[in-house]
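Novice: Structure, please.
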Amino acid sequence: MKIYVSRINALKRTALSTVSPALLGFFVTFSGWVASGLASADIATRPELFLPTSLSLSEAGRLIEVSADGADEWFLSRKYDGVRAYWNGASLVTRQGNKISAPAWFTDALPPFALDGELWSATGQFSFISGLIRSSDDSRQWEEGWRAVTYRVFEVPNQEGGLMARMSILKHYLRAHPSEYLKPIAQHRINSSKQLTSYFRKIVGAGGEGIILRNGALDYQTGRLESVLKIKPYSDAECIVVGYKPGKGRLQGKVGSLSCALLNHQKPRLFPELPVSSRTIIYLGSGLSDRERAKPPEVGAMVTFKYSGLTRHGLPRFPVFIRQRFSAREVRSLSLESQLYEAK
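Specialist: Numbers count the residues shown, from 1 in each chain. Sure thing, here's the model as predicted:
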């Protein structure tokens with residue numbers, strides 16, 4: 001295991017400046033809670049989960065090649081843009097252990113053992129899923145919304161053996177208890193960087209958010225892992241909306257761009273040339289739909305944007321709005337606003 005860790009660390013030390021950084025520790029801690037269950041007062045035991053490390057496609061390819069003669073077994077799967085959910089054998093909970101309200105007919109299809117995966121409906125429907133998860137009005141519309149949801153499972157926690165042995169337990173269960181709402185995520189064995197690149201392009205070309213690469217030879221583990229890698233076609237980050245620039249021409253009367261403050265705690269990892277002691281403003285115009293320009297995320301909301309490397313001044317190059325991550329109310333409820341982007 002020490003040899004494996006040293007390999008990936010060596011690759012990171014020689015990575016290009018455009019390589020995706022590791023996932024954001026502080027942000028990840030709160031994302032499941034707010035995005036998928038803040039409204040719920042039901043608190044379950046907080047599950048211990050694994051968290052992936054971000055890597056570029058080129059870095060991942062080199063890792064595959066240097067691991068080819070070892071005991072590592074790399075498997076690739078699609079990364080779905082849903083809401084992560086943990087099934088503890090009795091209820092669905094978020095990363096923070098907040099209970100997710102779901103119809104009985106949905107949870108009745110789930111097994112008596114633990115699962116980890118994504119609640120997902122369709123590509124580009126994160127906002128729909130996030131809103132549905134936060135709601136518990138038990139209305140006909142709410143129930144119909146759940147009819148569009150599937151639970152895409154990528155792990156069977158606390159079972160013995162490697163990844164495929166653990167996933168086989170769910171597949172065996174589904175043979176006896178089939179369900180249209182419970183679907184294991186396909187895992188593809190990867191033996192070369194060429195094969196990795198081919199799958200990556202295919203999945204991203206079909207609308208996938210990216211891929212997850214896992215060392216399937218290892219037993220089940222939790223915490224932030226370098227044996228579980230997240231690979232996307234772009235880098236992404238979060239920022240807080242602090243104002244708006246008015247639109248011009250066709251966009252007269254609408255928002256031209258969002259004025260956003262980068263999160264100070266992300267700077268050392270994502271934007272190391274920027275000072276942590278002062279506020280840094282960027283503008284997000286690209287990516288906003290006409291509907292979002294007419295009714296933009298409110299001041300104080302946290303939004304996610306993607307970018308392509310850094311400028312010579314250390315700022316994100318070509319930032320593009322993706323979606324709102326937290327509402328202003330959710331940011332305030334977690335007391336994140338002043339901590340994350342105000343000057344220290």
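
Novice: So what's the residue count around the spatially closest residue to residue 256 that is not a sequence neighbour?
Specialist: Once flanking residues are discounted, residue 256 sits nearest to residue 247: 3.7 Å by C-beta to C-beta, 6 or more residues apart in numbering. The way it works is simple: take the backbone N, C-alpha and C, and place the C-beta from them, glycine included. The number of residues packed around residue 247, counting by other C-beta atoms under 10 Å, is 17.

Novice: Same check on residue 141?
Specialist: By other C-beta under 10 Å, 9 other residues sit near residue 141.

Novice: tell me the SS of it?
Specialist: What DSSP: H, G, I helix; E, B strand; the rest coil gives for residue 141 is helix.

Novice: For residue 135, see how far away it is.
Specialist: Distance, residue 141 to residue 135, by C-beta to C-beta, to the nearest Å: 9 Å.

Novice: do the same with residue 160
Specialist: With C-beta to C-beta as the criterion, residue 160 and residue 135 are 38 Å apart.

Novice: Name the residue in those two with the higher neighbour count.
Specialist: Ranked by neighbour count (other C-beta under 10 Å), residue 160 and residue 135 place residue 135 first, with 16 against 9.

Novice: where do the helices sit along the chain?
Specialist: 2-13, 25-35, 57-66, 104-107, 126-134, 140-146, 163-176, 193-205, 267-270, 290-294, 328-333, 337-341 (DSSP state H).

Novice: quick one: which of those has the weakest pLDDT on average?
Specialist: Least confidently modelled of the helices of the chain is helix 25-35, at a mean of 37 by mean pLDDT.

Novice: Which residue ranges of the stretch 151-300 of the chain form strands?
Specialist: Secondary structure of the stretch 151-300 of the chain, counting by DSSP state E, counting those that start in this stretch: strands at 182-184, 188-190, 210-215, 223-231, 235-246, 255-262, 281-284.

Novice: tally of neighbours for residue 64?
Specialist: 21.

Novice: Would you check how far apart the nearest residue to it once chain neighbours are set aside and residue 218 are?
Specialist: Computed as C-beta to C-beta, 6+ apart, the closest residue to residue 64 that is not its neighbour in sequence is residue 193, at 5.2 Å. Going from residue 193 to residue 218 by C-beta to C-beta gives 21 Å.

Novice: can you tell me which residues contact residue 64?
Specialist: Taking C-beta atoms under 8 Å, 6 or more residues apart in numbering as the criterion, residue 64 is in contact with 74, 190, 191, 192, 193, 196.

Novice: same question, residue 251
Specialist: Here residue 251 is in contact with residue 293 (C-beta under 8 Å, 6+ apart).

Novice: Tell me the pLDDT of it.
Specialist: 89.

Novice: And it, how far from residue 299?
Specialist: The value you get for residue 251 to residue 299, if C-beta to C-beta is used, is 19 Å.

Novice: And for residue 172?
Specialist: Noted for residue 172: a distance of 51 Å to residue 299, by C-beta to C-beta.

Novice: And for residue 263?
Specialist: Distance from residue 263 to residue 299, by C-beta to C-beta: 16 Å.

Novice: what about those two, which has more around it?
Specialist: Neighbour totals were compared for residue 263 and residue 299, and residue 263 leads with 22 against 13 (other C-beta under 10 Å).

Novice: So that one is in contact with residue 239, correct?
Specialist: Yes: between residue 263 and residue 239 there is a contact under C-beta atoms under 8 Å: 6.3 Å.

Novice: wouldn't residue 322 be in contact with residue 307 here?
Specialist: No: with contact defined as C-beta under 8 Å, residue 322 does not count as touching residue 307 (10.3 Å).
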